[in-house]
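Engineer: quick one, structure for this:
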Amino acid sequence: MQISRVQYDSPGWDSGSNASLNNEWVEVTNTGRSGVNLDGWTLSGRDGRAYEFHLRLGGRTTVRVHTGVGRDAGRDVYQDRRYYAWDNRADTATLRNDRHRVIDAVTWGRGHGGRGHGAPGGHNGHGHQGPGGHNGHGHQGPGGHNGHGHQGPGGHNGHGHQGPGGHNGHGHQGPGGHNGQGHQGPGGHNGHGH
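Structural biologist: Reported below is the predicted structural model:
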């Protein structure tokens, strides 16, 4: 179970309308094959206010938790709030189970990297991320910055294996890499290890 996507900034002007509130959402995905009873699970921000789930989420299924008022149906549920739940500047979405154990958390803003799968060009994604992504945790494509895990050509500050031209990579690094820790190919600088 994980927080897979967060749209913490509702598109357009923050008018406070219900439509705007409902364009602010968090998606929770059951990555396993079996269904999970989410009764008593909570989703909360730094303000401490929590939304409590009352549903069973099927295997490999995603539910979208909207901020505003609405009628729960299928893969869309509503917090029924009258104001925005997530701070656009910096916040943390935390998913806890019915025993109050933290299952996943995503942080954004003020230099924090988030968790989850990020699309190309995305910021603060946790997991695999496409070209141009920033602060991604996991495998990252060309041009990525601050990626944790395997990283393609031109990546910066990647932790793990890194391709040609990478900078500050931790782990194995290809030709032209700088400041890599671990095995490093031709042209590398300041590599620690082979």
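Engineer: contacting residues for the closest residue to L21 other than its chain neighbours?
Structural biologist: Among residues not flanking L21 along the chain, G68 sits closest, at 3.1 Å (CB to CB, 6 or more residues apart in numbering). From N, CA and C alone the C-beta is placed, and that goes for glycine too. Contacts for G68 (CB atoms under 8 Å, 6 or more residues apart in numbering) come out as 18-22, 24, 78-81.
Engineer: ok, which stretches of this structure are strands?
Structural biologist: Along the chain, counting by DSSP state E, strands occupy 2-7, 25-30, 36-37, 42-44, 50-52, 56-57, 61-66, 76-78, 91-96, 102-108.
Engineer: how far off strand 91-96 does the last one point, in degrees?
Structural biologist: Relative orientation of strand 102-108 with respect to strand 91-96: 170 degrees, computed using axes from the mean of the first three to the mean of the last three CA atoms, to 10 degrees.
Engineer: quick check on the residue nearest to L55 when sequence neighbours are not counted: phi, psi?
Structural biologist: Once flanking residues are discounted, L55 sits nearest to L38: 5.5 Å by CB to CB, 6+ apart. Main-chain torsions, L38, degrees, to the nearest 10: phi -90, psi 10.
Engineer: D76: how many residues sit nearby?
Structural biologist: Residues near D76, counting by other CB atoms under 10 Å, number 14.
Engineer: so where's this protein uncertain?
Structural biologist: 111-194 (pLDDT under 70).
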